[in-house]
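**Student:** sequence plus the predicted model coming up.
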Amino acid sequence: MDRPDVKIVPVGPENADGLLSLITELAMFEKLEPPTAEAKERMRHHITSSPPLFYAFLATIEGVPVGYITYYFTYSTFLAAPTFFLEDIFVQEMHRRSGVGRSLFRYCMKEAVEKGCGRMEWCALNWNVKAMDFYVAQGGKKLGWTFFRMDRGDMERSLS
């Protein structure tokens, strides 16, 4: 099977619709509620603000978006270096196992190294075994940590 010619391009105002469409596909895959119209407008603003609140890149084949990554930087006090946090990596099902995911993941690693990051981190849903197998095949290691989350309502209730 021939590998497609994958190009990774930054998301800007001209291609943000492609990102938002893929984010909706990811939400459906993960059986989660997709972003509302209001949230999509906030994302458009956040990705084009200076500095952006997060970074986004599309994987395209012949100019058509087929996958994406979003990431941001945190900081490791133990390493005294930035940490690259991969928020999302998604490839449309019909393009999986064709090298698109590997291209996106390698892009992340290169970016993390170029930005002087001491590590790269991400999460996977417990049921997404294929994703976890992919990450391990790329050299990722499972940590013995459990992630916690509070949404805005949880925070407001705790503060009242």
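**Tutor:** Structure's in. What do you need?

**Student:** so for stretch 129-148, mean pLDDT?
**Tutor:** Across stretch 129-148, pLDDT averages out at 91.

**Student:** what's the single longest strand in this structure?
**Tutor:** Criterion DSSP state E: the longest strand present in the chain is strand 64-76.

**Student:** how far off centre is stretch 79-94?
**Tutor:** 5 Å (C-alpha atoms, centre = their mean, to the nearest Å).

**Student:** nearest the geometric middle of the chain, what residue?
**Tutor:** Nearest to the geometric centre of the chain sits D88, at 2.0 Å (C-alpha atoms, centre = their mean).

**Student:** can I get the helix or strand hosting it in PDB, CA atoms only?
**Tutor:** Assigned by DSSP states H and E, D88 falls within strand 81-91. Output in PDB follows, covering the C-alpha atoms of strand 81-91 (Å, rounded to 0.1, in the frame of the first residue of the first chain):
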ATOM      1  CA  ALA A  81      11.700  23.000  31.600                       C
ATOM      2  CA  PRO A  82       8.500  23.300  29.600                       C
ATOM      3  CA  THR A  83       6.300  20.300  29.000                       C
ATOM      4  CA  PHE A  84       4.600  19.700  25.700                       C
ATOM      5  CA  PHE A  85       1.000  18.600  26.400                       C
ATOM      6  CA  LEU A  86      -0.700  16.900  23.500                       C
ATOM      7  CA  GLU A  87      -4.400  17.700  24.000                       C
ATOM      8  CA  ASP A  88      -5.800  16.000  20.900                       C
ATOM      9  CA  ILE A  89      -4.500  13.800  18.200                       C
ATOM     10  CA  PHE A  90      -7.100  12.500  15.800                       C
ATOM     11  CA  VAL A  91      -7.100  10.800  12.400                       C
END
